[in-house]
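In: show me the folded form of this:
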Amino acid sequence: MNSHSDLPLLKTVSDTRLSFVMPFTFHECGREWRRGHDRYSRRRLEMMLSTFRHFYSQDDLARFLIICPDTDLSETIAVQRSVTTDERYSVVSERDICPDLPWGAPGARASNGWHIQQILKLAAAEHVSSQHYVTLDSDILCLRPFGSDDLVINGKAMAGVETAETYLRCYTDSFAAHEIGVKKRRYESSAALLAYERCKGFCGCYFSETPCVLHTNSVVELLCYLTTASQVPWSTTLAQTSEWTEYSLYFQFLESRGLFDILYIRGGCNAVLDLEKSVWHESEYYRESRTYDRHHFMDFNGSFEHGPFVSIQSAACIEAWLPTWASDLDEFYDHVSSWLRIGRSPPCTKIGTLLLRRWQAALRNLLPSQGGSA
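Out: Next comes the predicted model:
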């Protein structure tokens with residue numbers, strides 16, 4: 001499949017460096033992109049980039065693409081450059097990444113920005129040269145030191161796996177049932193696009209969502225398959241189809257070709273995105289009460305089995321989860337920044353990653369578990 005963009009590609013490398021791709025807009029209201037200005041969009045982007053620079057080994061970075069609407073380009077570039085001027089970080093237009101997307105066409109499901117950003121995450125495969133790339137959203141934070149070898153081990157990528165048991169452990173019975181129903185519908189819709197029926201080995205497995213490590217060539221093969229099967233550009237097919245999601249589509253494509261266990265290691269629900277530390281839903285839906293304090297985010301029980309990422313879900317109503325000690329999301333992020341010591345050290349390197357891991361392990365043994373204290 002030929003790339004339609006004139007964007008420069010890095011040389012193909014034989015090492016294990018990773019690329020990262022992140023759709024972004026300043027006009028996000030829940031899942032309704034471009035429907036209204038979100039006062040916290042800039043802060044989310046700054047926090048995402050700052051924690052990534054602080055905790056991810058920059059020696060392991062091939063490319064970092066921020067993909068946004070044309071109207072947001074200049075302001076997004078300004079935010080990115082306020083955090084880093086590293087040339088591997090770049091801001092690009094959505095139209096350069098996926099020019100075939102039927103923007104606002106009749107019946108186009110992609111008029112909903114939540115679906116646009118899923119299409120963009122798949123289309124990005126044609127614009128990176130690394131063997132794997134990692135999808136990100138601006139509401140993601142990095143919590144601990146990590147490098148490419150935390151996400152791709154001996155050539156196999158980590159994949160978080162969620163099950164009905166995961167949801168029943170985390171959520172109330174009624175919300176767990178709702179979550180299971182949503183996942184079933186999404187996977188069934190994606191399977192229909194692939195003419196695929198899941199085998200017993202995968203039934204009941206739902207792969208974790210953003211961040212996700214994708215095998216670049218396999219994504220390109222998926223896009224070629226969709227275009228060939230429908231005889232129209234793959235983005236048009238997805239824009240006019242309901243219920244699928246990018247990960248249910250991608251992982252079932254691998255399943256259907258017997259490639260999943262060749263390319264991936266199955267991890268738990270916290271393997272890449274730490275689901276249980278994330279603000280994934282409003283507090284009322286969790287089985288146990290949640291206090292989003294320093295202890296919650298920084299206590300890893302002495303191990304690094306937890307993934308390095310958490311989500312502070314932008315689609316969740318802020319007032320329905322925000323700790324009582326924070327007056328708004330800015331104050332919450334101020335405290336998180338102080339806990340993580342963001343801005344107090346240079347960008348992370350491989351040696352820095354090792355030292356930070358040792359420092360954090362020691363620090364966790366000293367920190368009190370109280371709420372908003374910095």
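In: looking at the chain, which helix or strand is least sure?
Out: Using mean pLDDT, DSSP states H and E, strand 32-33 stands out as the lowest-scoring helix or strand of the chain, at a mean of 48.
In: mean confidence (pLDDT) on stretch 323-338, please.
Out: For stretch 323-338, the mean pLDDT works out to 95.
In: do stretch 85-104 as well
Out: Mean predicted lDDT for stretch 85-104 stands at 88.
In: which other helices and strands contact the longest helix seen in the chain?
Out: Longest helix of the chain, by residue count under DSSP state H: helix 173-194. Under the contact criterion of 3 or more C-beta pairs under 8 Å, 6 or more residues apart in numbering; DSSP states H and E, helix 173-194 touches helix 164-170, helix 216-230, helix 246-256. Yep, even glycine has a C-beta here, placed from its N, CA and C like the rest.
In: let's go with 6 Å and repeat that
Out: Judged by 3 or more C-beta pairs under 6 Å, 6 or more residues apart in numbering; DSSP states H and E, helix 173-194 is in contact with helix 164-170, helix 246-256.
In: what's the first helix or strand after the last one?
Out: Where DSSP states H and E defines the elements, the next helix or strand beyond helix 246-256 is helix 260-263.
In: helix or strand next in line after that following helix, which one?
Out: From helix 260-263, the next helix or strand downstream (DSSP H and E) is strand 264-267.
In: what's in contact with that next one?
Out: Here strand 264-267 makes contact (C-beta atoms under 6 Å, 6 or more residues apart in numbering) with Lys156, Ala157, Met158, Ala159, Gly160, Val161.
In: buried subset of those, written for ChimeraX?
Out: In ChimeraX, this line selects whichever of those come out buried by 16 or more other C-beta atoms under 10 Å:
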select :156,157,158,159,160,161
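In: let me have the contacts of strand 264-267 in TSV, extended by pLDDT.
Out: Output for the contacts of strand 264-267, formatted as TSV (pLDDT from 0 to 100):
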residue	pLDDT
Lys156	97
Ala157	98
Met158	97
Ala159	98
Gly160	97
Val161	97
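In: tell me which of the contacts of strand 264-267 is nearest to Glu221?
Out: Of all the contacts of strand 264-267, Ala157 has the smallest distance to Glu221: 15.6 Å, by C-beta to C-beta.
In: ok, that closest one - contacts?
Out: His132, Val213, Tyr264.
In: closest one of those residues to Arg42?
Out: Distances from Arg42 to these, taken by C-beta to C-beta, are shortest for Val213, at 27.2 Å.
In: ok, that closest one to Thr227 distance?
Out: Val213 is 24 Å from Thr227, where distance means C-beta to C-beta, to the nearest Å.
In: repeat that for Ala177.
Out: Ala177 is 37 Å from Thr227, by C-beta to C-beta.
In: looking at the two, which one has more neighbours?
Out: Between Ala177 and Thr227, counted using other C-beta atoms under 10 Å, the more crowded position is Thr227 (17 against 14).
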